[in-house]
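Asker: below are the sequence and a predicted model for it; my questions follow.
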Amino acid sequence: MSETLDLTLKVWRQPGPDASGRYVEYKLTEISTHMSFLEMLDVLNEQLNEKGEEMIAFDHDCREGICGACSLMINGQAHGPDSGTTTCQLHMRRFKNGDTIVIEPWRARAFPVVRDLVVDRGAFDRIVQEGGFISANTGSAPDANSVPIPAPVQETAMDAAACIGCGACVAACKNASAMLFVSAKVSHLSTLPQGKPERDSRVQGMVAQMDLEGFGNCTNTEECQAACPAEISVSNIARLNREFLRAQLCSKE
Amino acid sequence: MVTKLAEKQQSSPSTGGKSATKWIMTLLSSSIGQKFVMGITGLLLCGFLVVHLAGNLLVYVGAEAYNGYADKLHSMMLLPVAETGLFLLLFAHIALAIKLTRDNQQARHISYQEPQSKIEEKPSLFSQTPMGNTSGWMFISGSIILAFLVIHMIDMKLHWNPGVDYSIETPEGVVEAKPYSIMVQVLGSFTAPFYIVGTIVLGFHLSHGFSSAFQSLGLNHPKYTPLIKKLAILFAFVIAAGFASLPIWGFFIH
């Protein structure tokens, strides 16, 4: 298959955090269906550069779907139309010749636009700083099975640990709620024995910071779960709610 | 990070902890705590709906059964206490709904051009309607239900419906009409269509609200969550069909 596409892109352009933005239309011709979505944007940027225009700023890093840097709202869907996929792993074969593609940044008060399609996801870092870690020094790698962890618990923790912190959950949620992200971090650490000592302060700190950052509240639409490239389940949100109540009722703080 | 955590641990005395009420305020002012209150008040109001529907379905048994139930209920000493409780539940549910909805709107101040759902299998029949996801519709459906409740209170509590004779003249003087008679008159008055709309919208509200409350309260498990979701649809249908049957019945007997 060596098909090529002619596309119309409507891209959000915003020169800076405080500048006003607008949608700008671009025509692209002969885009290979083998290209990834970001490669298609690279082609556009090269053309813009040749014409002496400002290139479109967008976040990307590993382009392998594991770093969580890429973050585009493509035709109103976080990371585009495929489920369990990041923008960098989306390929142009998913689109048809003549399509118009609308590309927007994540929209949330807690994720201010830095430039064009780049948003500041520092709010996630600040939430993690409030307890998304284990401060006990665990030394070098322990012997296998010295800390017994049942397989189902391991699986739960690992499934939650798959979160790459891209922010698609916030972007897809009609309330721009960060509950899926926070619940993944809390589930990942609090279900494992290494995370138990800080179980209460972790959930209390992270939820307090989440509220402080101005994310919305969860109304259980489950859009976050559908948009998540790591396929984090909303059952983690229920666990977060339980952990939070437990911490409020049982901890000394 | 280690030092930050150590500072935190030191700052709270291990014996005392927070003052007795401060933790409650922290809980209730947090996003999750407010969802707990929404869920608990919602489920308690569901409990009221069951009792209210059961009582009202007595009209199908007959005027005597209905009047007997209503008189007994109204003569209960603790009824004003229960009514106050019910009002407080409703007030908390509505006040928080307004606050949370405003918060949520502020959390996304610039909207997308055309947001599209990525959910492949819609969780309920209702979410495939043009209204989209039912939870996006909770505030609107809630507002319609509130408007209906105001009409319902005017009809049944304040006795202001001009189409209804709330008192009847008897040889012994003017006495209050029997509950059965008031009900039949209300269902024949111009407010009857609101009863159909109000109760059907209530069904949509419950179809999301009932199962959502369990999730908000942290009750999610592969063993019972699929059951709760099915039960929510059944519950919503039974409540909506049960209540909506009354004005339809009222239409046919007039």
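Answerer: Looks like it arrived, so ask away. It should be emphasised that the depicted structure is a prediction, and the values quoted were computed from it without experimental measurement.
Asker: look up the closest residue to residue B:118, ignoring the ones flanking it.
Answerer: Distances taken as Cβ to Cβ, 6 or more residues apart in numbering or on different chains put residue A:226 closest to residue B:118, at 3.9 Å, once the chain neighbours are dropped. In this view, the C-beta of every residue, glycine as well, is placed from N, C-alpha and C.
Asker: surely the one you found is within a helix?
Answerer: Yes - counting by DSSP: H, G, I helix; E, B strand; the rest coil, residue A:226 is found in a helix.
Asker: do you know how far the spatially most central residue of chain B is from chain A?
Answerer: Geometric centre of chain B, nearest residue: residue B:45, 5.1 Å, by Cα atoms, centre = their mean. Using Cβ to the nearest Cβ, to the nearest Å, residue B:45 is found at 17 Å from chain A.
Asker: once you drop chain neighbours, what's closest to that residue?
Answerer: residue B:89 (5.7 Å).
Asker: show me what contacts residue 175?
Answerer: Using chain A here. A:216-219, B:103-104, B:107-108 (Cβ atoms under 8 Å, 6 or more residues apart in numbering or on different chains).
Asker: let's do chain B instead
Answerer: Residue B:175 makes contact with B:167-168, according to Cβ under 8 Å, 6+ apart.
Asker: that one bridge partners, please.
Answerer: residue B:168 (DSSP bridges).
Asker: what segments of the stretch 101-250 of chain B are helices?
Answerer: Taking DSSP state H, counting those that start in this stretch, the helices of the stretch 101-250 of chain B run over residues B:138-156, B:179-188, B:192-216, B:225-253.
Asker: between helix B:138-156 and the second one, find me the angle.
Answerer: This means helix B:179-188. Per axes from the mean of the first three to the mean of the last three Cα atoms, to 10 degrees, the angle that helix B:179-188 makes with helix B:138-156 is 130 degrees.
Asker: what does helix B:179-188 contact?
Answerer: B:59, B:63, B:66-67, B:70-71, B:74, B:155-156, B:159, B:161, B:163-166, B:168, B:177, B:192, B:195, B:246-247, B:249-251, B:253-254.
Asker: now do the first one
Answerer: Contact partners of helix B:138-156, identified using Cβ under 8 Å, 6+ apart, comprise A:219, B:90, B:94, B:97, B:101, B:160-161, B:164, B:182-183, B:186, B:189, B:191, B:194-195, B:197-199, B:201-202, B:204-205, B:208-209.
Asker: quick check on the contacts of helix B:179-188: which are buried?
Answerer: Burial by neighbour count, judged by 16 or more other Cβ atoms under 10 Å in any protein chain shown, picks out B:59, B:66-67, B:70, B:155, B:161, B:164, B:177, B:192, B:195, B:246-247, B:250 from these.
Asker: can you tell me how far residue B:21 is from residue A:248?
Answerer: Distance, residue B:21 to residue A:248, using Cβ to Cβ, to the nearest Å: 13 Å.
Asker: again, but for residue B:234
Answerer: Applying Cβ to Cβ to residue B:234 and residue A:248 gives a distance of 33 Å.
Asker: the more surrounded of the two?
Answerer: residue A:248 (23 against 11; other Cβ atoms under 10 Å in any protein chain shown).
Asker: right, and that one touches residue A:203 too?
Answerer: No - assessed by Cβ atoms under 8 Å, residue A:248 is found out of contact with residue A:203, at 9.0 Å.
Asker: now render the helices of the stretch 101-250 of chain B as CSV, adding distance to residue A:193.
Answerer: Putting these into CSV (distance: least, Cβ to Cβ, whole Å) gives the following:
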stretch, distance to residue A:193
helix B:138-156, 39
helix B:179-188, 61
helix B:192-216, 27
helix B:225-253, 26
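Asker: dump those to a markdown table, plus mean pLDDT.
Answerer: Below are the helices of the stretch 101-250 of chain B laid out as a markdown table (pLDDT from 0 to 100):
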| stretch | mean pLDDT |
| --- | --- |
| helix B:138-156 | 95 |
| helix B:179-188 | 93 |
| helix B:192-216 | 94 |
| helix B:225-253 | 94 |
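Asker: right, so those: which one is the most enclosed?
Answerer: Stretch with highest mean neighbour count among the helices of the stretch 101-250 of chain B: helix B:192-216 (a mean of 22; mean count of other Cβ atoms under 10 Å in any protein chain shown).
Asker: ok now the helix of greatest length in chain A, how far from the chain's centre?
Answerer: In chain A, with assignment by DSSP state H, the single longest helix is helix A:235-250. Taking Cα atoms, centre = their mean, to the nearest Å, one finds helix A:235-250 lying 22 Å from the centre of the chain it belongs to.
Asker: does it reach chain B?
Answerer: Yes - using Cβ under 8 Å from any Cβ of the partner chain, helix A:235-250 reaches chain B at A:235, A:237-245, A:248.
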